[in-house]
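>>> predicted coordinates and the sequence they were generated for:
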Amino acid sequence: MRDRRSAAAAAAPRQLLRLRLLLPLLLVALACAIGPAAGEDAPAPLHPADLSACPNLRIAVINGVPFHYEVLAGLLHVLQPYAPRTDVYLNRYTRSSNADGAWELLRWSKATFHLLTRELADGPLPYQYDLVVLVSTDYELDAAAELLRRMRPRLVVALVHNADFQGIPRLLSAAAGLAAGASSSAVVGAAGAAGAAAGPSVQLLTLSPHVAASLAAASGQPAGWALPTYPFNPITDCLAAPESELLGRCLRGFSLQGKLSNLRRNYTAVWQQLLAHREALTSGDAGRLFHVFVAGKGPNRLSLPPELEPHVTLLRRLRFHRFYEAIHHTLALLPALASPRYLTDKFTSTIITSLTSGTPMLADARFLAAYSMLGPESVYLQHEGESEAEAMLRLMSLPAADLLAVRRGLRTVRKRLNDEASTHYAKLLRGLCGGGGK
């Protein structure tokens, strides 16, 4: 009995420490439960197309897989001006309780949502469409091709996430087999009947410049890129926090995000670095700020060393609001890429999480060369020859003003990327309206 009491007494400080670490997250969860719905105050993108000459022009967005909701939210953000003429086709389980709050991330949009149920698959669609955007082309080409056959669009924008996608010939073949133009809902007087005997045009679009270049080289087809992201409004915005309440209160620790997979993030390398610098990270002023939050879903394959357990918290399957709120309150995101292919032909979701949450990433020169749309003003730059752990120590010693300057830079980049994406889609829609818009 004495041994049990001694063990309990020894464990008490660790339990108190864990409670202190989790208290901000508990407050976040409570605030999310009573806070406003996402998107209610999100500003609309600039420079929408004037489609008044084409009142019947219709847009469809397809995301039939139970993921990529963050990509869809960014797309719907820049398509806000066209919401009354937009239909969104979603995985049938999007509004279910096990969808991690996906519906909360989307429901602010005034577009019309349809779940891809058996009834919808067997019944008529509400419209035929002029523009169709495929959000997850790499993951649902066959199902999307059947929807395209029924929608009969004039233009298909196919978002491709990774350049190793082998389905481009099938996509182009499926599009070539469709007859558009005459079935388009756009006003013939404005758009004309050209293209009635041909299939729709297909535009390949990726989420970053390096994936676009790799996809074009691999497929022999032109490929562009656009990266709209949803501007999440945190309940407690650390950019507005008083300096006395910033470090250690509003901002604390570092975060890793995404599916808990060693194929995507190199957790082992992170743990090894933390162990090598554990004393410096957990003592003095750094110890007040240091912690690692791992936010993701899937089986726990972290293989966390016991020595690091007091310093690492796993946040599994947070709903989207809580996920972004938790990430927002960390100092920086760690990409921890598990493969060099994320710098050549694959896209890491940490980019979107950073832009959405407003928390900068820790990134080196190679990372910025691949994701060149970011720029050094929007990341915490990891110096040449510096490990992630050494960079974390350096960041925790920076003045609050320096940390906040990078956060402001990230928001500026997010606005620029959204404006560029908005301009891109506005140009496409003007073209579909026969140049009748402004």
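That came through fine.
>>> list the residues that contact Leu155.
Leu155 makes contact with Asp130, Leu131, Val132, Pro200, Ser201, Val202, Gln203, Leu428, Gly431, Leu432 under the criterion C-beta atoms under 8 Å, 6 or more residues apart in numbering. C-beta: built from backbone N, CA, C; applies to glycine.
>>> that one pairs with what?
Leu131, Ser201 (DSSP bridges).
>>> let's have the chain start at 891 instead
Got it, first residue is 891 now, which makes that one Leu1045.
>>> how about the helices in the stretch 891-1040 of the chain?
892-924, 959-968, 992-996, 1008-1012, 1031-1041 (DSSP state H, counting those that start in this stretch).
>>> and the fourth one, how far from the chain's centre?
Between the mean C-alpha point of helix 1008-1012 and the mean C-alpha point of its chain there is a distance of 29 Å (C-alpha atoms, centre = their mean, to the nearest Å).
>>> what's next to that helix, contact-wise?
Contacts for helix 1008-1012 (C-beta under 8 Å, 6+ apart): Tyr979, His1004.
>>> give me the mean pLDDT for it.
Mean pLDDT, computed over helix 1008-1012, is 87.
>>> how many neighbouring residues does Ala1259 have?
Around Ala1259 there are 11 other residues, counting by other C-beta atoms under 10 Å.
>>> oh, I was asking about Ala1176
Neighbourhood size, Ala1176 [other C-beta under 10 Å]: 18.
>>> pretty sure it contacts Ala1170?
Yes: with contacts counted by C-beta atoms under 8 Å, Ala1176 reaches Ala1170, the gap being 6.4 Å.
>>> point out where this protein drops to low pLDDT.
By pLDDT under 70, the low-scoring segments of the chain are 891-936, 1069-1089, 1325-1328.
>>> residue nearest the centroid of it?
Ile1242 (3.4 Å; C-alpha atoms, centre = their mean).
>>> so that residue makes contact with Gly964?
Yes: assessed by C-beta under 8 Å, Ile1242 is found in contact with Gly964 at 7.1 Å.
>>> which of the three states applies to Arg1306?
Put simply, Arg1306 is helix when judged by DSSP: H, G, I helix; E, B strand; the rest coil.
>>> OK, contacts around it?
No contacts exist for Arg1306 under C-beta under 8 Å, 6+ apart.
>>> from Leu1264, how far off is it?
According to C-beta to C-beta, to the nearest Å, Arg1306 and Leu1264 sit 10 Å apart.
>>> ok, Met1251 next?
8 Å.
>>> same deal with Pro1189?
For Pro1189, the distance to Leu1264 - C-beta to C-beta - is 31 Å.
>>> show me which positions of stretch 1172-1191 end up buried.
Thr1172, Ala1176, Leu1179, Phe1180, His1181, Val1182, Phe1183, Val1184, Ala1185, Gly1186 (16 or more other C-beta atoms under 10 Å).
>>> work out the gap between that stretch and the centre of the chain.
21 Å.
>>> start and end of it, how far apart?
Taking C-alpha to C-alpha, to the nearest Å, stretch 1172-1191 runs 24 Å from one end to the other.
>>> and if you look at stretch 1168-1177?
10 Å.
>>> could you export stretch 1299-1312 as CSV, CA atoms only?
Listed next in CSV are the C-alpha coordinates belonging to stretch 1299-1312 (Å, rounded to 0.1, in the frame of the first residue of the first chain):
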residue,chain,number,x,y,z
GLY,A,1299,3.0,37.9,-43.4
LEU,A,1300,1.2,34.6,-43.6
ARG,A,1301,-2.2,36.3,-43.6
THR,A,1302,-1.1,38.6,-46.4
VAL,A,1303,0.0,35.6,-48.4
ARG,A,1304,-3.3,33.9,-47.8
LYS,A,1305,-5.2,36.9,-49.0
ARG,A,1306,-3.0,37.1,-52.1
LEU,A,1307,-3.5,33.4,-53.0
ASN,A,1308,-7.3,33.8,-52.5
ASP,A,1309,-7.4,36.8,-54.7
GLU,A,1310,-5.4,35.1,-57.4
ALA,A,1311,-7.7,32.0,-57.3
SER,A,1312,-10.7,34.3,-57.3
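>>> re earlier: joint contacts of Ile1242 and Gly964?
Joint contacts of Ile1242 and Gly964 (C-beta under 8 Å, 6+ apart) are Leu1117, Thr1119.
>>> mind checking how far Pro1132 is from Val978?
Following C-beta to C-beta, the distance that separates Pro1132 from Val978 is 40 Å.
>>> looking at the two, which is more packed in?
Each of Pro1132 and Val978 has its neighbours counted (other C-beta under 10 Å); Val978 has more, 24 against 9.
>>> which strand residues bridge that one?
Val951, Phe1003.
>>> can I assume Val1025 is in contact with Glu960?
No: counting by C-beta under 8 Å, Val1025 does not reach Glu960; the two are 10.4 Å apart.
>>> look at the two and report which has more neighbours.
Val1025 (27 against 21).
>>> got phi/psi on the more buried one?
phi -80, psi -30 (degrees, to the nearest 10).
>>> which residues touch it?
Counted by C-beta under 8 Å, 6+ apart, Val1025 has contacts Val951, Ile952, Asn953, His958, Val961, Leu962, Leu965, Leu1049.
>>> equivalent analysis for Glu1310, please.
Glu1310 neighbours (C-beta under 8 Å, 6+ apart): Ala1116.
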